[in-house]
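K.L.:
A structural model of the following input is requested.
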Amino acid sequence: MEVISTDKAPAAIGPYSQAIKTGNLLFCSGQIPLDPATGDMVPGDVKAQAKQVMENIEALLAAAGAGFDNIVKTTIFLVDMADFAAVNEVYGSRFQDYKPARSTVAVRSLPRGALLEIEVVAAL
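P.N.:
Residues are numbered from 1 along each chain as shown. Next comes the predicted model:
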């Protein structure tokens, strides 16, 4: 196993790695909308937060030599399912013809008051 890390994505805020590569799989820890430069939550609505989450995921994938086309499964955690369409719009803009498998679940709360968190698994 290999730890994947980058300063272009938020540092882990607990006892975990940003991502782990094992064999040809990359497991990225859930990303919340933290600005990697400051560690602060990005201001704005759920769309602004979703955009930052996708940028954080892109940075982790790039650190492993991958991109969005390598993602095989995502899990989206939403504090409010009423945000599903807005998040889906931002999320969907990152995928062209290929779309990975996905689950979306409602949760009571997320770290640092985030409105969403997304984790991904990619094939390298």
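K.L.:
In terms of pLDDT, where does residue 96 sit?
P.N.:
Note on residue 96: pLDDT of 88.
K.L.:
Actually, residue 88.
P.N.:
At residue 88, pLDDT is 97.
K.L.:
tell me what the strand or helix carrying residue 60 is packed against?
P.N.:
In the assignment (DSSP states H and E), residue 60 maps to helix 46-63. Counting contacts by 3 or more Cβ pairs under 8 Å, 6 or more residues apart in numbering; DSSP states H and E, helix 46-63 packs against strand 25-31, helix 84-92, strand 116-123. Every C-beta, even on glycine, is put in place using the N, C-alpha and C of the backbone.
K.L.:
So which of those is nearest residue 68?
P.N.:
strand 116-123 (8.7 Å; Cβ to Cβ).
K.L.:
and the nearest residue to residue 8 once chain neighbours are set aside, how many neighbours does it have?
P.N.:
Excluding the flanking residues, the one nearest residue 8 by Cβ to Cβ, 6 or more residues apart in numbering is residue 59, at 3.8 Å. By other Cβ atoms under 10 Å, 19 other residues sit near residue 59.
K.L.:
try the one 5 residues further on
P.N.:
Other residues near residue 64 number 20, with proximity taken as other Cβ under 10 Å.
K.L.:
check contacts around it.
P.N.:
Residues in contact with residue 64 (Cβ atoms under 8 Å, 6 or more residues apart in numbering) are 4, 19, 21, 26, 122, 124.
K.L.:
Just the buried ones from those?
P.N.:
4, 19, 21, 26, 122 (16 or more other Cβ atoms under 10 Å).
K.L.:
Secondary structure element for the third one, which one?
P.N.:
Under the criterion of DSSP H and E, residue 21 resides in strand 19-22.
K.L.:
Using CSV, lay out the contacts of residue 64 together with pLDDT and distance to residue 113.
P.N.:
Output for these, formatted as CSV (pLDDT from 0 to 100; distance: Cβ to Cβ, whole Å):
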residue, pLDDT, distance to residue 113
4, 98, 27
19, 98, 24
21, 98, 30
26, 98, 28
122, 98, 28
124, 97, 33
